[in-house]
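A.B. asks: Quick one: sequence and predicted model below, then my questions.
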Amino acid sequence: MESGNRKVRNLFAGDHFGEIALIYGCHRSATVLANNYTTLAKLTANDFKDLASKCPQYLQHLKEQLYHYDDPIKLFLEEQLKKIPYMQ
């Protein structure tokens with residue numbers, strides 16, 4: 001791993017990457033580095049919009065997956081926000 005990079009999590013078969021950027025039109029906050037040979041599929045923003053319009057249940061499925069995302073930083077921030085009475 002290069003200097004300044006840190007491992008966030010492992011991706012496995014069927015995992016998504018970059019879907020938050022596609023759904024909400026923001027920039028990706030990370031980059032994937034493969035440790036060995038892998039097979040990937042690429043979906044452009046325009047293709048994603050086309051797919052989402054033709055298959056809205058796919059977009060809904062992706063959004064539902066976001067709520068179950070187990071990123072350690074996200075989990076930490078959620079726990080900290082729960083400690084603030086106003087945010088409960």
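C.D. replies: All right, it came through fine. Numbering: from 1, shown residues only.

A.B. asks: And the helices in this protein?
C.D. replies: Assigned by DSSP state H, the helices in the chain fall at 19-24, 45-54, 56-66, 72-82.

A.B. asks: Could you name the helices and strands sitting against the first one?
C.D. replies: In this structure, helix 19-24 packs against helix 56-66, with contacts taken as 3 or more CB pairs under 8 Å, 6 or more residues apart in numbering; DSSP states H and E. From N, CA and C alone the C-beta is placed, and that goes for glycine too.

A.B. asks: that older thread, of all the helices of the chain, which one is nearest residue 11?
C.D. replies: With CB to CB, the closest approach to residue 11 among the helices of the chain belongs to helix 19-24: 12.0 Å.

A.B. asks: Buried residues, that closest one. List them.
C.D. replies: For helix 19-24, a neighbour-count test (16 or more other CB atoms under 10 Å) marks 19, 20, 22 as buried.

A.B. asks: repeat for stretch 52-59
C.D. replies: 52, 59.

A.B. asks: what's the answer for stretch 58-74, then?
C.D. replies: Applying a neighbour-count criterion of 16+ other CB under 10 Å, one finds 59, 62 buried in stretch 58-74.

A.B. asks: Distance from that stretch to the middle of the chain?
C.D. replies: 7 Å (CA atoms, centre = their mean, to the nearest Å).

A.B. asks: separation between residue 51 and residue 61?
C.D. replies: Look at residue 51 and residue 61: by CB to CB, to the nearest Å, they are 12 Å apart.

A.B. asks: next one: residue 84
C.D. replies: Distance from residue 84 to residue 61, by CB to CB: 31 Å.

A.B. asks: Please apply the same query to residue 46.
C.D. replies: Where residue 61 is concerned, residue 46 sits at a distance of 20 Å (CB to CB).

A.B. asks: swap in residue 47?
C.D. replies: Between residue 47 and residue 61 the computed distance is 17 Å (CB to CB).

A.B. asks: got it, and residue 53?
C.D. replies: Using CB to CB, we find residue 53 at a distance of 15 Å from residue 61.
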